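Enquirer: Could you look at this predicted model? Sequence included:
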Amino acid sequence: MGNSALKSHLETSQKTGVFQLTGKGLQEFPEELQRLSGNLRTVDLSDNKIEDLPATVGNFLQLKSLMLNSNKLTSIPPEIGKLKKLETLGLNGNRIHQLPATLGHLKALRTLSLAGNQISEFPSGLGTLRHLDLLDLSRNQIQNVPAVVSELQAIEINLNQNQISALSAEVSRCPRLKVLRLEENCLDLSSIPGSILSESQVSLFSVEGNLFEVKRLRDLDGYDKYMERFTATKKKFT
């Protein structure tokens, strides 16, 4: 892409606070963006070939939305934790193995999307994100959901299409969790904690495509309580 095209994008972004350059084959985060780090609120560089996110990403202090879906990122620099106003972080379809601990500093974050990466361990340290609505970890390589999950404030956790065979009962203690998606994993019926059904706030528990038939959930203690929540929520939206 020519310099003149980038220049006109930058001029527009200076006025709007939005920089969007998707599907242009970019191989690196445009250095020229640094000039606008003081006023950009949205940056969308999805569908490119960016391999590295520079440490200078931490300079974009007004940023509310950062979309880097479908790139070639393998890691995220710890400086991302400086983006105190960031509400949406889209990193779907990259090659990320693990997350920096500083993600827990993104106090305004509402949506964290990490679908289709190479994450093999359930991330810890996200319990500080008090406003998190959605954590999407679908299509990764996670094998178990540990007790640390109870710290999460998310309303929805999507773990579809992982390799999960163990699910901690602590998930039932997530204070705001309403939707838990675990489709196409490696769970058998005995690895479903009854407390999710009987004691949690979860009103949509999606487990199709595991090692048991979904109707077998009815055999578990607490299923009636879960169905009460499910039905009440359904009525709200009909």
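Expert: Cool, got the structure. Numbers count the residues shown, from 1 in each chain.
Enquirer: what's the nearest residue to Gly127 once chain neighbours are set aside sitting at in phi/psi?
Expert: The shortest distance from Gly127 to any non-neighbouring residue, by CB to CB, 6 or more residues apart in numbering, is to Glu151 (2.7 Å). Just so you know, the C-beta spots here come from the backbone N, C-alpha and C atoms, and that holds for glycine as well. With angles defined as degrees, to the nearest 10, Glu151 sits at phi -80, psi -20.
Enquirer: Tell me the pLDDT of Glu151.
Expert: pLDDT, Glu151: 96.
Enquirer: That one reaches Pro123, doesn't it?
Expert: No. Applying CB atoms under 8 Å as the test, Glu151 and Pro123 come out as separate, 11.0 Å apart.
Enquirer: just the helices in the chain please.
Expert: 3-16, 194-198, 223-236 (DSSP state H).
Enquirer: rank these by pLDDT, which is bottom?
Expert: helix 3-16 (a mean of 82).
Enquirer: Which positions within it qualify as buried?
Expert: Going by neighbour count (16 or more other CB atoms under 10 Å), the buried part of helix 3-16 is Leu6, His9, Leu10, Ser13.
Enquirer: Could you export it as CSV, CA atoms only?
Expert: The C-alpha trace of helix 3-16 is given here as CSV (Å, rounded to 0.1, in the frame of the first residue of the first chain):
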residue,chain,number,x,y,z
ASN,A,3,2.4,6.2,1.3
SER,A,4,-0.2,8.5,-0.1
ALA,A,5,-3.0,6.1,0.8
LEU,A,6,-1.7,5.7,4.3
LYS,A,7,-1.3,9.5,4.6
SER,A,8,-4.9,10.1,3.7
HIS,A,9,-6.0,7.4,6.2
LEU,A,10,-4.0,9.1,8.9
GLU,A,11,-5.5,12.5,8.1
THR,A,12,-9.0,11.1,8.3
SER,A,13,-8.1,9.3,11.6
GLN,A,14,-6.8,12.5,13.1
LYS,A,15,-10.4,13.9,12.8
THR,A,16,-12.4,10.8,13.6
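Enquirer: on contacts alone, who are the packing partners of that helix?
Expert: On a contact count with 3 or more CB pairs under 8 Å, 6 or more residues apart in numbering; DSSP states H and E, helix 3-16 meets strand 18-20.
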